[in-house]
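In: The sequence and its predicted three-dimensional model are supplied below.
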Amino acid sequence: MDTFLVHYYQAIIDVSIYVGVKPTELPKFTKISGRLNTEVLKESIEYLIRKSGERNIPLLIGKQFRSQTPYTLLYAMSYAKDMAEALQILMKYSQLVHTGISIEIKTTPVLTITLLYSNPSVQHIRYPAEGFMSIYLTIMRNFTGQHIEATHVEFFHQADSDSKPLDDFFGTKVEFGASQTRMEFDSSILEFPLLTSDSINKKIYIRHIAIEYDKLDSNAFLERVKVYLRSNLFPTPPSIKECALAFNISVRTLQYRLSNKDLKYNNLLNNLRHDEALIMIKEQLPLGMISMLVGFQNHSAFTRSFKKREGISPHEARKNSINKNKLSF
């Protein structure tokens, strides 16, 4: 699944073309443990600044970034009902955005977005700070269709160049050498409705990012297998051969590792499909959509499987869920 940093890197490439630098000159696209190496981003930005002479490359990258990208977290945010809900999603899953940086969002007395660094010694680096803060504001503007401006912006790092372009972009005088990196806004923007609000799609993408978020701490083999299966139920669940291939092991080895947990592959897969279906029923997703998302070829097959296991149909389970959650999830 694509990450936020992948799209940040794509924005770097777009900006390199804009300032007349060939993308092939940039440091090579490198991944470490499945996540884009942030050192590559830093080297790329520094190279663009040296080559083009443009000191506000981070701001240009932020402007170039678009919220209409195939990234699950951004989709989940864009389908929220208003800006408050979108920002709640961002804060909860902000570890998917950065490695070593989290986001703190406070809504009173004003809306404040603050970057929190697990390693304080890197706070002085201007590239992620200016780049990501401008990206967040770009996203907020795209989602609401309104030209939102900050009331106050401050960065921990010192000013590197003429700050006027940053002042113009954020709509306020930017300060440097502060105790934190943060943006403040009038809290009224929290009530701004989003242009693409959709409760069903929001629930679907929240499920996807929850699975992606689980990967950050899934170290045990069984947990990694569960994450893989949950991520690939649609459109057709993976066969045991496909699962083994995904982990670069033989089918026999996969069966042996599962047997150590008293599990068989088909039982594990079916349990996960059923558990996912129960969660989606509780979340009131359409039954036809649920059967598709957990990998059934048609709704009838899903109904038969569900009824065999629960003793009631998915439709009855939905009614029970509505009536004070009589089912145990």
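Out: Great, that's in hand.

In: the strands in the chain, which residues?
Out: With DSSP state E as the criterion, the chain has strands at 31-32, 35-36, 101-106, 111-117, 152-154, 174-175, 181-185.

In: I'd like the ones you listed laid out as CSV, including distance to Leu287.
Out: C-beta: built from backbone N, CA, C; applies to glycine. Compiled in CSV, the strands of the chain are given as follows (distance: least, CB to CB, whole Å):
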stretch, distance to Leu287
strand 31-32, 39
strand 35-36, 36
strand 101-106, 35
strand 111-117, 38
strand 152-154, 47
strand 174-175, 51
strand 181-185, 40
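
In: measure Ala86 to Ser239 for me?
Out: 38 Å (CB to CB, to the nearest Å).

In: Of those two, which one has the most company?
Out: Using other CB atoms under 10 Å, the more surrounded residue of Ala86 and Ser239 is Ala86, with 26 against 13.

In: Report pLDDT for that one.
Out: pLDDT, Ala86: 96.

In: Enumerate every residue touching it.
Out: With contacts defined as CB atoms under 8 Å, 6 or more residues apart in numbering, Ala86 is in contact with 77-78, 80, 143, 194.

In: and with 10 Å instead?
Out: Counting by CB atoms under 10 Å, 6 or more residues apart in numbering, Ala86 touches 67, 74, 76-80, 139-140, 143-144, 190, 192, 194, 197, 202.

In: So which of the residues you listed is the closest to His124?
Out: Ile139 (25.0 Å; CB to CB).

In: Would you mind telling me which of the strands of the chain is nearest Ile13?
Out: strand 35-36 (12.6 Å).

In: Do you know the pLDDT at the closest residue to Gly20 other than its chain neighbours?
Out: Sequence neighbours aside, Ser52 is the residue nearest to Gly20 in space, at 6.7 Å (criterion: CB to CB, 6 or more residues apart in numbering). Looking at Ser52, its pLDDT stands at 91.

In: For the stretch 201-329 of the chain, which segments are assigned as helices?
Out: 221-231, 240-246, 251-259, 265-282, 287-293, 299-310, 314-322 (DSSP state H, counting those that start in this stretch).

In: Which other helices and strands does the fourth one contact?
Out: Contact here means 3 or more CB pairs under 10 Å, 6 or more residues apart in numbering; DSSP states H and E; on that basis helix 265-282 packs against helix 199-214, helix 221-231, helix 240-246, helix 251-259, helix 287-293, helix 299-310, helix 314-322.

In: do the first one as well
Out: In terms of contact count using 3+ CB pairs under 10 Å, 6+ apart, helix 221-231 is assigned the packing partners helix 199-214, helix 240-246, helix 251-259, helix 265-282.

In: Nearest to Pro27 among those helices would be which one?
Out: helix 199-214 (26.0 Å).

In: how about that closest one: buried residues?
Out: Neighbour counts over helix 199-214 (16 or more other CB atoms under 10 Å) mark 202-209, 211-213 as buried.

In: what does stretch 183-203 give?
Out: Here stretch 183-203 shows 183-185, 189-190, 192, 194, 196-197, 202-203 as buried, counting by 16+ other CB under 10 Å.

In: Convert that stretch to CSV, retaining C-alpha atoms only.
Out: Extracted in CSV, the C-alpha atoms of stretch 183-203 (Å, rounded to 0.1, in the frame of the first residue of the first chain):
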residue,chain,number,x,y,z
MET,A,183,0.0,26.1,13.2
GLU,A,184,-3.0,27.8,14.7
PHE,A,185,-6.4,28.5,13.1
ASP,A,186,-9.8,30.0,14.1
SER,A,187,-11.7,27.0,15.6
SER,A,188,-14.7,27.8,13.4
ILE,A,189,-13.0,25.9,10.5
LEU,A,190,-13.7,22.7,12.4
GLU,A,191,-17.3,23.0,11.3
PHE,A,192,-16.5,23.4,7.6
PRO,A,193,-18.2,20.5,5.7
LEU,A,194,-16.0,18.4,3.4
LEU,A,195,-16.8,18.4,-0.4
THR,A,196,-16.5,14.6,-0.6
SER,A,197,-18.2,13.6,2.6
ASP,A,198,-19.5,10.0,2.5
SER,A,199,-20.1,7.9,5.7
ILE,A,200,-20.0,4.5,3.9
ASN,A,201,-16.7,5.2,2.1
LYS,A,202,-15.3,6.6,5.3
LYS,A,203,-16.0,3.4,7.2
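
In: now that stretch, how far from the chain's geometric center?
Out: Computed by CA atoms, centre = their mean, to the nearest Å, the chain-centroid distance of stretch 183-203 equals 16 Å.

In: now it: mean pLDDT?
Out: 96.

In: Name the residues that touch stretch 312-319?
Out: 277-278, 280-282, 284-288, 290-291, 299, 302-307, 310-311, 320, 326-327, 329.

In: Only the buried residues of it, if you could.
Out: 314, 317-318.

In: For those residues, give me JSON lines that also has pLDDT and distance to Arg273.
Out: Output for the buried residues of stretch 312-319, formatted as JSON lines (pLDDT from 0 to 100; distance: CB to CB, whole Å):
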{"residue": "Pro314", "pLDDT": "92", "distance to Arg273": "12"}
{"residue": "Ala317", "pLDDT": "88", "distance to Arg273": "14"}
{"residue": "Arg318", "pLDDT": "86", "distance to Arg273": "17"}
